[in-house]
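Novice: Got a sequence here, can you build the structure:
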Amino acid sequence: VDAGRIDGDTLSILCSVASQVAIALDNARAYRNEREARRRLKQAEAMRSRFLTHMSRELREPLTNIIGFCRLILNGLDGPISEQQRNDLQIVYANSQHLLGLINDLLDVSQIEAGLMELQFEDVDLDTMTRSVMATASALVRDKDIELHREVSDLPSIKADAARIRQVLLKLLTNAAKFTDQGAITLCAWSADRQVFVSVADTGRGIAVEDQQRVFERFEQGVDEGGLHPNGIGLGLSLSKEFVEMHGGQIWVQSDVGEGSVFTFSLPLEPDPSRASLD
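Specialist: As a prediction, the model looks like this:
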């Protein structure tokens, strides 16, 4: 085409069209790249979830055997053992239990991410459950100058997944024991406005304001007095949050550094059945 035969207006229109076509091509290319990136990310997440599920199940069986045989020997079913052997076995038993707990948490995470986590609702007596978990928690503070208290008023029966709510209670008590060196840990439960509320208060190190939301995120941990992370992989509070929210409840923390923390969660008496799984 002879450029000399194109007037200025036509040339301006052609330049505008060419510019718009170039922008459209760039947008199409960016959309294609973004779609491909999302596809690869989805594949990577699915692969990670499958890996966690497979490895968790493969590791649980031998660990369960180790724990079982340790218990048999500690109970004297295989004959007498020396005091040194008993001490060594108790260390093996405790660490195996700890590792099994971490593996179970990873398996729960993989099930939630895959949308396979479902709750089994039944009538739950929180009064009985809190008594049971406090008895279990006594082992957590056996070597510390900590008193355990339980303050529970008349509670109605609720519809909930008993195993998951017990898991939340134990995780909150374990967390309190981990960051409290002396003083008290108090479990309270009460009902109001068609809900039940449960709190675990401690006299431990407390949590800085800027970290109070972060502790509910996966793989986030608190720090001890030396700035080091304690044992664990930072899943306890995040799983507690997800289990509570699957019931239609909420969980939050109130804390001041050096003054201790209070973790509280709420549960409706009759949760919405549609929230029984996370997709």
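
Novice: my read: residue 90 touches residue 71, true?
Specialist: No. Between residue 90 and residue 71 no contact is recorded; they are 10.5 Å apart, counting by C-beta atoms under 8 Å. (Each C-beta comes from the backbone N, C-alpha and C, glycine too.)

Novice: what's the closest residue to residue 86 other than its chain neighbours in contact with, if anything?
Specialist: Distances taken as C-beta to C-beta, 6 or more residues apart in numbering place residue 74 nearest to residue 86, at 6.7 Å, with adjacent residues excluded. By C-beta atoms under 8 Å, 6 or more residues apart in numbering, the contact list for residue 74 reads 86, 89-90, 93.

Novice: which of those has the most neighbours?
Specialist: residue 93 (18 neighbours; other C-beta atoms under 10 Å).

Novice: residue contacts, that residue?
Specialist: Counting by C-beta under 8 Å, 6+ apart, residue 93 touches 67, 70-71, 74.

Novice: is it true that it lies in a helix?
Specialist: Yes. With DSSP: H, G, I helix; E, B strand; the rest coil as the criterion, residue 93 is part of a helix.

Novice: Can you check the pLDDT for the residue nearest to residue 86?
Specialist: Note for residue 74: predicted pLDDT of 90.

Novice: Likewise for residue 277?
Specialist: Looking at residue 277, its pLDDT reads 52.

Novice: Just the strands from the protein, written as ranges.
Specialist: For the chain, the strands defined by DSSP state E cover 122-124, 145-152, 158-160, 182-192, 195-202, 250-256, 260-268.

Novice: out of these, nearest to residue 34?
Specialist: strand 250-256 (34.2 Å; C-beta to C-beta).

Novice: Would you reformat the strands of the chain as JSON lines and include mean neighbour count, mean pLDDT and distance to residue 234?
Specialist: As requested, the strands of the chain are exported to JSON lines (neighbours: other C-beta atoms under 10 Å; pLDDT from 0 to 100; distance: least, C-beta to C-beta, whole Å):
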{"stretch": "strand 122-124", "mean neighbour count": "14", "mean pLDDT": "93", "distance to residue 234": "28"}
{"stretch": "strand 145-152", "mean neighbour count": "14", "mean pLDDT": "93", "distance to residue 234": "23"}
{"stretch": "strand 158-160", "mean neighbour count": "23", "mean pLDDT": "93", "distance to residue 234": "25"}
{"stretch": "strand 182-192", "mean neighbour count": "17", "mean pLDDT": "94", "distance to residue 234": "21"}
{"stretch": "strand 195-202", "mean neighbour count": "21", "mean pLDDT": "95", "distance to residue 234": "18"}
{"stretch": "strand 250-256", "mean neighbour count": "17", "mean pLDDT": "93", "distance to residue 234": "15"}
{"stretch": "strand 260-268", "mean neighbour count": "21", "mean pLDDT": "95", "distance to residue 234": "15"}
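
Novice: one step back: out of the contacts of residue 93, which are buried?
Specialist: The neighbour count (16 or more other C-beta atoms under 10 Å) marks 67, 70, 74 as buried among the contacts of residue 93.

Novice: about what we covered before: mind giving me TSV with the strands of the chain and columns for distance to residue 217?
Specialist: As requested, those are exported to TSV (distance: least, C-beta to C-beta, whole Å):
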stretch	distance to residue 217
strand 122-124	28
strand 145-152	27
strand 158-160	24
strand 182-192	24
strand 195-202	19
strand 250-256	13
strand 260-268	15
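
Novice: and the contacts of residue 74, which of them are in helices?
Specialist: Among these, the residues falling in helices (DSSP state H) are 86, 89-90, 93.

Novice: right, and residue 158 touches residue 126 too?
Specialist: Yes. Counting by C-beta under 8 Å, a contact exists between residue 158 and residue 126, whose distance comes to 6.6 Å.
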